[in-house]
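> this is the structure alone, sequence omitted:
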């Protein structure tokens, strides 16, 4: 399975957003107005998006952006329901982490939905801080060294 990495302004951002909307807006009922943010805008040149395809169709998406000079903020990790628990999410996360490391970041942070904490722990992330609400879904912050 291959992961495609690209920046804002690339036509594939629309495909990534379609996956995100299917998971976050349609499935998890996140308000559509908060799913797209400034890190999806064409003038945010530092954001790196990723998609995984099956049969030519995007089935998973994620991204990272610069949190600070040493930290990449991983986010918007989404795998369509029919493809979960097949290793796609892990491959997507690995590709994002590898690219962040290649770009000189020393740490990666993310905001994990609490049901996904074990997934991120397997990838070396550790929880810090308490549970908080984001779009009506409980989350915890996580971090790891690259």
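Thanks, I have the structure now. Keep in mind the model is a prediction, meaning the values are calculated, not measured.
> distance from the chain centre to the lowest-mean-pLDDT helix or strand in the chain, please.
None of the helices or strands of the chain scores lower by mean pLDDT, DSSP states H and E than helix 32-35, at a mean of 90. Helix 32-35 has its C-alpha centroid displaced from the chain centroid by 15 Å (Cα atoms, centre = their mean, to the nearest Å).
> what are the buried residues along the lengthiest helix in the chain?
As assigned by DSSP state H, the longest helix anywhere in the chain is helix 88-102. By neighbour count with 16 or more other Cβ atoms under 10 Å, helix 88-102 contains the buried residues 88-89, 91-93, 95-97, 99-100. Where C-beta positions appear, they are placed from N, C-alpha and C, glycine not excepted.
> ok so, going back, immediately after the least confident helix or strand of the chain, which helix or strand?
Counting by DSSP states H and E, the next helix or strand C-terminal to helix 32-35 is strand 48-54.
> packing partners of the next helix or strand after that following strand?
Downstream of strand 48-54, the next assigned helix or strand under DSSP H and E is strand 57-68. Applying 3 or more Cβ pairs under 8 Å, 6 or more residues apart in numbering; DSSP states H and E, one finds that strand 57-68 contacts helix 12-20, strand 48-54, strand 71-79, helix 88-102.
> what about strand 57-68, average pLDDT?
Averaging pLDDT along strand 57-68 yields 96.
> parallel or antiparallel, list what pairs with it.
Take DSSP bridges as the rule and strand 57-68 pairs in its sheet with strand 48-54 (antiparallel), strand 71-79 (antiparallel).
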